[in-house]
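# from the sequence below, what's the structure:
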Amino acid sequence: MASSSSLLSEEQFLCSICLDVFTEPVTTSCGHNFCMACITKYWDSNDLCQCPLCQEKLSKQTKLRVNTTFREIIENYKLLRDTGKDESPAKPGKVHCDVEEKQKAVERQAEGLIKELEQEITELKRRSTELKQLSHTEDHLQLLQSFTSVVCTPPPTKDWSEISVHRAVRRAVSQLEETLNKEMEKLPEVKLKRIQQYAVDVTLDPDTANLFLILSDNGKQVRTGDTELNLPDNPKRFDRFTVLLGKNGFSSGRFYYEVTVKGKTRWDLGVARESTDRKGDITLSPEHGVWTMMLRDGNEYTACASPQIRLSLSEKPQKVGVFVDYEEGVVSFYNVEARSHIYSFTCCIFTEKIYPFFSPCSDDSGKNAAPLVISPVNHKY
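Below you'll find the predicted structure:
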């Protein structure tokens, strides 16, 4: 635990943006504190939503809330500091008893808050360990029952109802548990299981398919042929690249689908807005309404951002999951069999329908002849 002197060090109460004592402090999901006005202004002046300290990508849709416990400690500190400034200079050998007593009281209060919070954090870490263990069970009924028991049962905290300052600590503990639950959501194996509940039935749209693409009768597979098909022209059809879309678009909510890419050396997967260019050149980037990742040369994976981002994957995906949260502006890719997250586009702005996007690419003289296959989601993974 920190000593009394370190508890009241002014550096601990300075916002890293304005370099002044916090005003209406808020805590980001990565655990750093800033003034509400400072972080809001910082995000408004930057294209990327990220923490100024650790550079973690954040979501602008996240509603910032004032950290009430931290604010109370800061107000106590300001009161103590200002009281010390207002006191007249002491005569040699005379001690300002009132200031000293207030300082000691604030220090005792802060130490008590920290001790209680440490106990709560220990309990929440224990729950985190239990949840990680639960995430590996294949018994969904046991997972649901155990998860409800672990998360929904209030932690065995002390009864603080008679002390007003402890009510603030209790609120802080509730916020900590909420943060823990959000962190648990980030665990790939847990998150993917929950994302799969948003699985939708995706079928390929032949009206959008480039003339070199060959679709299966059930609309679940597509591969690239050697010659153009003799089909009527269609304004929806991609005319230059081996691309097609899903039949159904989405303008709200969340959706998820999986595509088997086994045996392929090249492919593109993701989503595209309805108005994306269908004729001539296509630029795979969010600025042009396309959010995709791609494989080239059998082992080069890239997120088609601006600029493009090379992805280093420990395992080669055989099946790729694509998840979209329309309101949150997120497009995520997963290695389904490895239960791992590959990449996410965040802070996306969707203003129209978006459609699943597919490209099996050229067959590369037979080396890339395997089809892309829209696979049923297996909830037993």
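
# residue ranges of the helices in the protein, please?
Taking DSSP state H as the criterion, the chain carries its helices at 4-7, 36-44, 68-86, 97-134, 140-152, 164-186, 188-195.

# average pLDDT across the fifth one?
Spelled out, that is helix 140-152. Computed over helix 140-152, the mean pLDDT rounds to 52.

# got it, and the shortest one?
Confidence over helix 4-7 (mean pLDDT, whole number) is 43.

# could you measure from S332 over to P376?
20 Å (CB to CB, to the nearest Å). To be clear about C-beta, it is placed using only N, CA and C from the backbone, and glycine gets the same treatment.

# more crowded one of these two?
Counted by other CB atoms under 10 Å, S332 and P376 do not tie: S332 has more neighbours, with 20 against 10.

# okay, now G289: neighbour count?
Other residues close to G289 by other CB under 10 Å number 20.

# next one: the one 5 residues further on
In terms of burial, M294 registers 19 neighbours under the definition other CB under 10 Å.

# what's the closest non-adjacent residue to it?
D268 (4.5 Å; CB to CB, 6 or more residues apart in numbering).

# wait, the one you found sits on T292?
Yes: look at D268 against T292 with CB atoms under 8 Å: they come within range, at 5.1 Å.

# tell me the contacts of G263?
Applying CB atoms under 8 Å, 6 or more residues apart in numbering to G263 gives the contacts A370.

# how close does it sit to W43?
44 Å.

# ok now stretch 32-50, how far from the chain's centre?
Remark: stretch 32-50 is offset 17 Å from the chain centroid, using CA atoms, centre = their mean, to the nearest Å.

# least reliable of the helices of the chain by average pLDDT, please.
helix 4-7 (a mean of 43).

# show me where the stretch 201-350 of the chain has its strands.
213-215, 221-224, 244-245, 254-260, 267-273, 290-296, 300-303, 309-311, 319-325, 330-335, 340-345 (DSSP state E, counting those that start in this stretch).

# please save the CA atoms from stretch 249-260 in PDB.
Extracted as PDB, the C-alpha positions of stretch 249-260 are listed here (Å, rounded to 0.1, in the frame of the first residue of the first chain):
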ATOM      1  CA  GLY A 249     -28.200  -6.700 -46.700                       C
ATOM      2  CA  PHE A 250     -28.300  -5.300 -43.200                       C
ATOM      3  CA  SER A 251     -29.000  -1.800 -41.900                       C
ATOM      4  CA  SER A 252     -29.100  -2.400 -38.200                       C
ATOM      5  CA  GLY A 253     -28.200  -4.800 -35.400                       C
ATOM      6  CA  ARG A 254     -25.500  -7.500 -35.400                       C
ATOM      7  CA  PHE A 255     -24.800 -10.400 -37.700                       C
ATOM      8  CA  TYR A 256     -22.200 -13.200 -38.100                       C
ATOM      9  CA  TYR A 257     -21.300 -15.800 -40.700                       C
ATOM     10  CA  GLU A 258     -18.500 -18.200 -41.400                       C
ATOM     11  CA  VAL A 259     -16.700 -19.100 -44.600                       C
ATOM     12  CA  THR A 260     -14.500 -22.100 -45.200                       C
END
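
# ok, now which ones touch D281?
Contacts of D281 (CB under 8 Å, 6+ apart): R240.

# ok, it to R240 distance?
From D281 to R240 the distance is 7 Å (CB to CB).

# and T208, by the same measure?
13 Å.

# out of the two, which sits in the busier spot?
Between T208 and R240, counted using other CB under 10 Å, T208 has the larger neighbour count: 22 against 12.

# thinking that one is in contact with R237, fair?
Yes: applying CB under 8 Å as the test, T208 and R237 come out as touching, 5.9 Å apart.

# now the common contact residues for the two.
Common neighbours of T208 and R237 (CB under 8 Å, 6+ apart) are R278.

# test for you: state the pLDDT assigned to the closest residue to T283 other than its chain neighbours.
With sequence-adjacent residues excluded and distances taken as CB to CB, 6+ apart, T283 is closest to V290, at 7.3 Å. If you check V290, the pLDDT there is 96.

# residues in contact with the residue lying closest to F255 once chain neighbours are set aside?
Take F255 and drop its neighbours on the chain: the residue closest to it by CB to CB, 6+ apart is V200, 4.6 Å away. When the contact criterion is CB under 8 Å, 6+ apart, the partners of V200 are 248, 250, 255-257.

# at 10 Å instead, please
246, 248, 250, 253-257, 324, 356, 377 (CB atoms under 10 Å, 6 or more residues apart in numbering).

# and the protein, what are its domains?
With domains defined by automatic domain parsing, the chain comprises 4-187, 196-375.

# deepest of those, which one?
Mean neighbour count, computed with mean count of other CB atoms under 10 Å, is highest for domain 196-375 among the domains of the chain, reaching a mean of 17.
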